[in-house]
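[1] Fold the stuff below for me.
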Amino acid sequence: MKKILTLFCTAAAILVWLSGCVEKQPDYPDDYVDLRYRVADSYNLDALSPKPFTIVVKSTKPWTIKSCHPVWCIIDIEEGEATADSLVRVGLGENTTVRVQYYDNTELDDRTDVIEIASDGRVGKQVTVHQKGIAYLNVPASDLDGGLLFEKEGGEIEFGVNSNQDWSAKVIEGDWLKIADGATGKLDGTVKVTAGENAGEKRYAAVAVYDRHGEERAVVKFTQDGVQLDPETFEIRAGYDQLSVELSVVSNSRWVAEKGGETDWFSIDNPDGHEGNDILRLTLQDNSAGTSLRKSSIVIKTIANNPGDAVAEKEIVIKQAYPIKSTRHIMDNEEIGNWSSDWANPPVYTKDVGSLFAAQSRLHNSSMPFGNYTFRWKDYVANPAAAEAIRVRHWFCFDEGCELKFDIRPAEGKISFDFNVAGDGNKPRIDAYNACDFTQPIEITYQFDPSGAEHCHVTYLVNGVEAGSFDTSENMLRSVTWGTNVNMYLGVDKSGSAVMEWYEYTPPMNWDE
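    Here you go, the predicted structure:
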């Protein structure tokens, strides 16, 4: 008996000594729950044959998974037992994979469910599930593509509606178009519209088709033939040093152009002799010495073939910028503080020298204002042992993944340009620029000038000399539009180093002043 007691006391002493060597675990309250799960915040499911999804779960207390609408779905495991605290808290212990399968939704309307993941009576996660209904409403593509055309004499046109619900139709553009039949319908049907004779300009209209809830589901465009005179834009914006402008005009008649007022800072090169689609060319005087925005207008109008024929006339505003003073930002510690360093090595500033960007050194600023930028780099040092040559990189990033990239490659003796585009858009092609002395500082410039409706003419300059340019459009880097903030990155890639002294920013012209 004594021996047993001695052994117990010795064991107790050892346990006390060990407790001083092991990290003390935190004290958790009795009602503490560690519920862990892996699931998306929401799911969007098809009406018919919806795909199942899974929820991975474990908890230190018994758990449940419940649907607010259990008749809509099957949850194959709706509850589970607790897993030991010591395992869950260190990411161990067995997970349970729960499969959720929704039934077909045979109702017209969409439906929304909420799945709750709870443990010990407390909800830890709500998952929203949206399932489409079987309702549909559409207009045949043949009636939508390119729209529908009335002759000058007018008449009636029908278009079809494919639907399994109630619907309605309404003219939303063009008071010359009337709905003669089919303003409301049920299931499949047709809409009949009429137009009177058009003795004037080509005109346009649109009919919207709405579902049973009044939601717009399709828009059918209509055109009635007449005199056409459509400039590509009603406002031309030119840079202060831009000396020429072209304006595309779509027409089915003879037409002429003239100035809308007395002004001598631009001239019309080809005011007469236009027939059908053509290009109007303007010559502008340089406004480099100007201190204000120039503004005037151009009037284009058709020529009547016979007395009494309709004549179309359009006025286009033309504006020319003036120079705006740039602001130079020394790349010192204060300026670096306005950026975030998102690669391995932050740049290091030395007074009167600049900031050294070593390999894998990059700065990022997600909200740089739109405008022209010039960057001054120098002191390029290559690493001959590296697998990749030194490359100084600039990314100007816009929405939809559009990127304008400008790379200095001293070891290869060139400056190169690359692009990422949005969707199925096209990429510009700009050849590499080789006329550089990399023993001297190099200044590279992104210059943006207005081009067309909200888009840009982008020019790349190296030491003030143009290296290439292109126009953005709906089919070319479409999110590079006038006035859009720039998500900007700059730095040195995988090897070598370079010094950045400063960058200059020139704000864009206020075209409405």
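
[2] Return the set of buried residues in stretch 62-70.
    W63, T64, I65, S67 (16 or more other Cβ atoms under 10 Å). In this view, the C-beta of every residue, glycine as well, is placed from N, C-alpha and C.

[3] Next up, the contacts around the second one.
    Contacts of T64 were listed using Cβ atoms under 8 Å, 6 or more residues apart in numbering, and they are E78, E79, G80, E116, I117, A118, S119.

[4] Let me see the mean pLDDT of the one helix or strand it maps to.
    In this structure, T64 is located in strand 63-67 according to DSSP states H and E. Mean per-residue pLDDT for strand 63-67: 95.

[5] Listing partners with orientation, what would you give for whichever helix or strand comes after it?
    Using DSSP H and E, the helix or strand that follows strand 63-67 towards the C-terminus is strand 73-75. Sheet pairing for strand 73-75, assigned by DSSP bridges, gives strand 96-102 (antiparallel).

[6] List the buried residues for the helix or strand following the partner strand?
    Next in sequence after strand 96-102, counting helices and strands by DSSP H and E, comes strand 111-119. Within strand 111-119, the residues scored as buried using 16+ other Cβ under 10 Å are R111, D113, I115, I117, A118, S119.

[7] Return the distance of the third one relative to P62.
    Noted for I115: a distance of 17 Å to P62, by Cβ to Cβ, to the nearest Å.

[8] Then D272?
    Distance from D272 to P62, by Cβ to Cβ: 88 Å.

[9] And for R328?
    Taking Cβ to Cβ, one finds R328 at 66 Å from P62.

[10] now swap in K51 and tell me
    Taking Cβ to Cβ, one finds K51 at 29 Å from P62.

[11] who's the residue lying closest to P50 once chain neighbours are set aside bridged to?
    Computed as Cβ to Cβ, 6 or more residues apart in numbering, the closest residue to P50 that is not its neighbour in sequence is Y102, at 4.7 Å. When bridges are called by DSSP bridges, Y102 pairs up with C73.

[12] so Y102 touches Q131, yeah?
    Yes - counting by Cβ atoms under 8 Å, Y102 does reach Q131; the two are 5.9 Å apart.

[13] Which residues are in contact with each of these two?
    Joint contacts of Y102 and Q131 (Cβ under 8 Å, 6+ apart) are L45, P50, W72, D113.

[14] among those, which two are most distant?
    Farthest-apart pair in the shared contacts of Y102 and Q131 is P50 and D113; separation 11.4 Å (Cβ to Cβ).

[15] Find the residues that touch each one of those two.
    Y102, Q131.

[16] residues contacting I303?
    S253, R254, W255, V256, V311.

[17] at 10 Å instead, please
    S253, R254, W255, V256, D272, H274, E275, D309, V311 (Cβ atoms under 10 Å, 6 or more residues apart in numbering).

[18] try L461
    N372, T374, Y433, E443, I444, T445, Y446, Q447, A467, G468, S469.

[19] got it, and C397?
    So C397 contacts 364, 366, 368, 403-405, 420, 479-480, 486-489 (Cβ under 10 Å, 6+ apart).

[20] Looking at the residues you listed, which are in strands?
    Under the assignment DSSP state E, the contacts of C397 contribute H364, S366, M368, E403, L404, K405, N420, V486, N487, M488, Y489 to strands.

[21] which residues touch the most centrally placed residue in the chain?
    Closest residue to the average C-alpha location of the chain: D399 at 2.8 Å, with Cα atoms, centre = their mean. Taking Cβ under 10 Å, 6+ apart as the criterion, D399 is in contact with A422, R478, S479, V480, T481, T484, N485, N487.

[22] Let's see that with 7 Å instead.
    For D399, the contacting residues are S479, by Cβ atoms under 7 Å, 6 or more residues apart in numbering.

[23] ok, now the one 4 residues further on?
    Applying Cβ under 7 Å, 6+ apart, we find E403 in contact with W395, F396, C397, F419, N420.

[24] which residues pair with V56 across the strands?
    R38, T97.

[25] Check what pLDDT it gets.
    Reported pLDDT for V56: 94.

[26] how far away is it from G93?
    In this view, V56 and G93 are 12 Å apart by Cβ to Cβ.

[27] Give me the spatial nearest neighbour of R122, chain neighbours excluded.
    V33 (6.3 Å).

[28] Pull the number of nearby residues for the one you found.
    A total of 20 residues lie near V33 under the criterion other Cβ atoms under 10 Å.

[29] With A289 instead?
    8.

[30] helix/strand/coil for it?
    Following DSSP: H, G, I helix; E, B strand; the rest coil, A289 is assigned to coil.

[31] Could I get the contacting residues of it?
    With Cβ under 7 Å, 6+ apart, A289 has no contacts at all.

[32] what's near enough to touch R294?
    Taking Cβ under 7 Å, 6+ apart, one finds W265, N287, K319, Q320 in contact with R294.

[33] List the contacts of the second one.
    In other words, N287. By Cβ under 7 Å, 6+ apart, the contact set of N287 is Y240, R294, Q320, A321, Y322.

[34] can you put those residues in a markdown table and add secondary structure and pLDDT?
    Listed next are these as a markdown table, based on DSSP: H, G, I helix; E, B strand; the rest coil; pLDDT from 0 to 100:
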| residue | secondary structure | pLDDT |
| --- | --- | --- |
| Y240 | coil | 90 |
| R294 | strand | 94 |
| Q320 | strand | 94 |
| A321 | coil | 90 |
| Y322 | coil | 92 |
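
[35] Any chance of JSON lines for these, columns distance to S168?
    Shown next, in JSON lines, are these (distance: Cβ to Cβ, whole Å):
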{"residue": "Y240", "distance to S168": "53"}
{"residue": "R294", "distance to S168": "50"}
{"residue": "Q320", "distance to S168": "49"}
{"residue": "A321", "distance to S168": "49"}
{"residue": "Y322", "distance to S168": "53"}
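
[36] pLDDT wise, what is F375 at?
    pLDDT, read off for F375, is 97.

[37] which SSE is it in?
    F375 is part of strand 372-381 when elements are defined by DSSP H and E.

[38] how many degrees apart are the next helix or strand after that strand and strand 372-381 in direction?
    Sequence-wise, the next helix or strand downstream of strand 372-381 (DSSP H and E) is strand 392-397. Strand 392-397 runs at 150 degrees relative to strand 372-381, counting by axes from the mean of the first three to the mean of the last three Cα atoms, to 10 degrees.

[39] got the contact list for the residue nearest to V249 when sequence neighbours are not counted?
    Computed as Cβ to Cβ, 6+ apart, the closest residue to V249 that is not its neighbour in sequence is P231, at 5.2 Å. P231 makes contacts with L247, V249, I300, K314, I316, as judged by Cβ under 7 Å, 6+ apart.

[40] redo that, cut-off 10 Å
    In this structure, P231 makes contact with L247, S248, V249, V250, S251, A257, L280, I298, I300, K314, E315, I316, judged by Cβ under 10 Å, 6+ apart.

[41] Now, of those residues, which are buried?
    By neighbour count, with 16+ other Cβ under 10 Å, the contacts of P231 hold L247, V249, S251, A257, L280, I298, I300, K314, I316 as buried.

[42] List just the nearest of these to K378.
    L247 (43.0 Å).

[43] so which strand or helix has the closest one?
    Using DSSP H and E, L247 sits in strand 244-251.

[44] what are the pairing partners of that strand, and which direction each?
    strand 229-231 (antiparallel), strand 278-284 (antiparallel).

[45] That one: what's the following helix or strand?
    Following strand 244-251 toward the C-terminus (DSSP H and E): strand 254-259.

[46] tell me which element V123 falls in.
    For V123, the secondary-structure element it belongs to, assigned by DSSP H and E, is strand 122-131.

[47] Next: M509.
    Applying DSSP H and E, one finds M509 in no helix or strand.
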